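> build me a model from this:
(one chain, ligands or ions: 1)
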Amino acid sequence: MNAVLRPAPEPTHRVMGVSDLDAVLAIEVTAYSFPWTRGNFVDSLAAGYLAWLRHDAAHRLIGYCVALPGFEETHLLNLTVAPAHQRGGHGRAMLDALADWARQRGDTALWLEVRQSNHGARALYAAAGFAEVGQRRDYYPAERQKREDAVVMRLALDSGIGAQLRGTGDALV
Ligand SMILES: CC(C)(COP(=O)(O)OP(=O)(O)OC[C@H]1O[C@@H](n2cnc3c(N)ncnc32)[C@H](O)[C@@H]1OP(=O)(O)O)[C@@H](O)C(=O)NCCC(=O)NCCS
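Okay, here's the model as predicted:
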């Protein structure tokens, strides 16, 4: 299966491939109680989703993101920084790069879901300008066979065709 490669935006970022998945999964299982499986990543690459790696100056993998580009909107599916590198600005840098990429392709919004209990990630997204716009009940698995709600967050990009039409005063039908 071949992934449709989407160019990574800056030198510290590189497009994820199947050969990177051992390193990616080594981080994934340390960063989450309920990590993505190898199959989740393989399917995302095969489907042509945007998937970037972030490296430090010594070319060590420190994080990654996966996103699903849709019509005028992109949906962030996975944003992860290795625990040893968290709070170093890497999550924000990947998020900003993704927002720039989405803006450049004409998206109006970036969407994501985040666990209600994930206060660190929610703080990051709020600091980056995302608004909490809804909830999905029992969206995630949780400890002891329970489920946890997701908070739905949206970043308005104001760059899509709709925004351009609004900018010229034309009605959007
Ligand atoms: C959430 C995550 C991606 C954030 O990446 P990061 O590189 O650690 O975050 P950054 O250093 O870029 O943080 C930028 C800002 O976000 C906020 N923030 C990030 N993590 C935070 C935390 N744990 N607590 C409070 N605020 C936090 C702060 O405002 C921070 O700015 P500051 O450090 O100047 O105060 C990372 O912690 C991670 O991978 N966590 C485990 C996986 C996960 O939960 N992913 C998100 C799933 S939706």
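> every contact and neighbour count from this point should use C-alpha atoms.
Will do.
> where does this structure dip in pLDDT?
Counting by pLDDT under 70, the chain has low-confidence residues at 1-11, 159-173.
> list, one by one, the residues from it near the ligand.
31-32, 79-81, 86-92, 114, 120-121, 123-124, 127 (C-alpha under 6 Å from any ligand atom).
> tell me the buried residues within these.
Neighbour-count burial (16 or more other C-alpha atoms under 10 Å) applied to these gives 79, 80, 81, 90, 91, 92, 114, 121, 124.
> okay, buried residues for stretch 132-151 please.
If you call a residue buried by 16+ other C-alpha under 10 Å, then stretch 132-151 has these buried ones: 132, 135, 140, 148, 149, 150, 151.
> for this structure, what spans make up the strands?
Remark: strands assigned in the chain by DSSP state E are 13-15, 50-55, 61-69, 73-81, 109-115, 131-141, 147-156.
> what sits against the residue positioned nearest the centre of the chain?
Here the mean C-alpha position of the chain is nearest to the C-alpha of residue 76 (C-alpha atoms, centre = their mean), at a distance of 3.2 Å. Applying C-alpha atoms under 8 Å, 6 or more residues apart in numbering to residue 76 gives the contacts 65, 66, 67, 68, 110, 111, 112, 113.
> now these in a markdown table, with neighbour count?
Converted to a markdown table, the contacts of residue 76 look like this (neighbours: other C-alpha atoms under 10 Å):
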| residue | neighbour count |
| --- | --- |
| 65 | 21 |
| 66 | 21 |
| 67 | 21 |
| 68 | 18 |
| 110 | 25 |
| 111 | 19 |
| 112 | 20 |
| 113 | 22 |
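> ok, so of those, who is nearest the ligand?
For the contacts of residue 76, the minimum distance to the ligand (C-alpha to the nearest ligand atom) is 6.2 Å, reached by residue 113.
> next, count neighbours for residue 94.
Per other C-alpha atoms under 10 Å, the neighbour tally for residue 94 reads 24.
> would you turn the strands of the chain into TSV with distance to residue 103?
Converted to TSV, the strands of the chain look like this (distance: least, C-alpha to C-alpha, whole Å):
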stretch	distance to residue 103
strand 13-15	18
strand 50-55	14
strand 61-69	12
strand 73-81	9
strand 109-115	8
strand 131-141	17
strand 147-156	10
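> quick one: list the elements packing against the longest helix along the chain.
Of all segments of type helix in the chain, defined using DSSP state H, the longest is helix 90-104. When contacts are defined as 3 or more C-alpha pairs under 8 Å, 6 or more residues apart in numbering; DSSP states H and E, helix 90-104 sits against strand 61-69, strand 73-81, strand 109-115.
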